[in-house]
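Peer 1: A structural model of the following input is requested.
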Amino acid sequence: MIDNDWDLIDLITGYQPAAVIATAQRIGVFESLGSTPVPAEDLAAKLAADHSNLAALLEALHSLGLVERSGGAYAATPYASRRLGPGGEMALVVAKEAVFAQAWMSLDEVILEGRPAMHSWKALLRTRSGQAHAFLEALDVLARIGGPSLQQLEELAPGKRVLDVGGGLGTYSRRLDAAGSTVTLVDLPPVAEWASERLAATGVSIIGLDLFDHPSCGVPAASMDAALVSHLLHDLPRSHGVDLLRRVRRVLVHGGRVVVNDFSADSGPGSFGTLFDLMMRIETGGAAHPRSDLESMLLEAGFVQPRMLAYEDPLTVLIATKE
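Peer 2: Take a look at the predicted model:
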């Protein structure tokens, strides 16, 4: 509970550290700094930046724990060098969040008008394919560093025929394939093409189509033992989510299982779930459905016995059965 002005000030200035990091990533600070300290003047010349203002940015990065200072020279911390420097995967996440930060500035329009602030995913794939690909790469990073080890679930591996529904670049398909399951990934055609390149050395089959254009997600009915629906339902309004789950149900054999991996509006820690819910409304027009709603969506789609698995917040993993 906020009960004093200084705590409120901390909240309303929370954008500032993010802006510092995003700017540093965008203008090439982390790509240019290594473990050897570089004078601010030299770095300013290399980046064609104003020396005084760049020095202020470096001081802010120092206070945030991403840059080390030695006199008037600066070096990246070992973590920043490894994760934000050349080839650093977290640079993809920083760039993704910088794009979304702009969309958050339209939150008032989202609330008042009831529509997302960003272009649809299909439109982004069509008009800004590079940005869409970078977004998927960032999601792949996040799934690898913080996603659940779904390949350990007996419902998905080993030896199961699994459909990875809207599987993106194939983070979970790769793991399930390595665990001994026969995996098919289905996603929109441009994404499927990227996934095919990423998964070329695996046994994963790739199908490119719109999930809502096929009654059973692009595969024959009753052809799969299990289906994985990972971080997809939050992109959809409830009715569309139920429609998708009905299509997924047709994919499964009798007794087959669906595994839903998502974030919910009532997941934690702290305000994580509620802010994630707002983010979906800004980005996609979907919602972070509460856990009880995810269960009821599964029931409405015809599944039985939905149950939540014991993962730590904010991970939300449910399993349900096709009778």
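Peer 1: going forward, measure contacts and count neighbours with C-alpha atoms only.
Peer 2: Will do.
Peer 1: Can you tell me the SS state at I206?
Peer 2: Here I206 is strand, with the state taken from DSSP: H, G, I helix; E, B strand; the rest coil.
Peer 1: Show the model's pLDDT score for it.
Peer 2: pLDDT for I206: 98.
Peer 1: quick one: it from L232, how far?
Peer 2: I206 is 18 Å from L232, where distance means Cα to Cα, to the nearest Å.
Peer 1: Counting neighbours, go ahead and name the busier of those two.
Peer 2: I206 (24 against 19; other Cα atoms under 10 Å).
Peer 1: Does the nearest residue to W104 once chain neighbours are set aside belong to a helix, a strand or coil?
Peer 2: The shortest distance from W104 to any non-neighbouring residue, by Cα to Cα, 6 or more residues apart in numbering, is to I282 (6.8 Å). Classification of I282 using three-state DSSP returns helix.
Peer 1: Verify the contact between I282 and D108 for me.
Peer 2: No: using Cα atoms under 8 Å, I282 is not in contact with D108, being 9.8 Å away.
Peer 1: mind showing which ranges of the stretch 1-150 of the chain have poor pLDDT?
Peer 2: Nowhere does the stretch 1-150 of the chain drop to pLDDT under 70.
Peer 1: can you give me the strands for it?
Peer 2: 38-39, 67-70, 73-76 (DSSP state E, counting those that start in this stretch).
Peer 1: and the residue nearest to F135 when sequence neighbours are not counted, what does it touch?
Peer 2: Using Cα to Cα, 6+ apart and skipping the chain neighbours, the partner closest in space to F135 is K96 (5.9 Å). Taking Cα atoms under 8 Å, 6 or more residues apart in numbering, we find K96 in contact with 134-135, 138.
Peer 1: again, but for V183
Peer 2: Counting by Cα under 8 Å, 6+ apart, V183 has contacts 161-164, 173, 176-177, 203-205.
Peer 1: Show only the entries of these found in helices.
Peer 2: 173, 176-177 (DSSP state H).
Peer 1: can I get the residues you listed in a markdown table with distance to D213, neighbour count and pLDDT?
Peer 2: Formatted as a markdown table, these follow (distance: Cα to Cα, whole Å; neighbours: other Cα atoms under 10 Å; pLDDT from 0 to 100):
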| residue | distance to D213 | neighbour count | pLDDT |
| --- | --- | --- | --- |
| S173 | 22 | 30 | 98 |
| L176 | 26 | 27 | 98 |
| D177 | 26 | 23 | 98 |
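Peer 1: Of the residues you listed, which is the nearest to K122?
Peer 2: Taking Cα to Cα as the measure, K122 lies nearest S173 of the ones in helices among the contacts of V183, at 22.1 Å.
Peer 1: Assess the claim that the closest one and D164 are in contact.
Peer 2: Yes: using Cα under 8 Å, S173 is in contact with D164, at 6.5 Å.
Peer 1: and for these two, which residues touch both?
Peer 2: What both S173 and D164 touch, as defined by Cα under 8 Å, 6+ apart, is the set 183-185.
Peer 1: Name the nearest residue to L176, ignoring sequence neighbours.
Peer 2: Using Cα to Cα, 6+ apart, the closest residue to L176 is Q151 (5.1 Å).
Peer 1: which helix is the longest one in the protein?
Peer 2: The chain, longest helix under DSSP H: helix 129-146.
Peer 1: Alright, that wraps it up for me.
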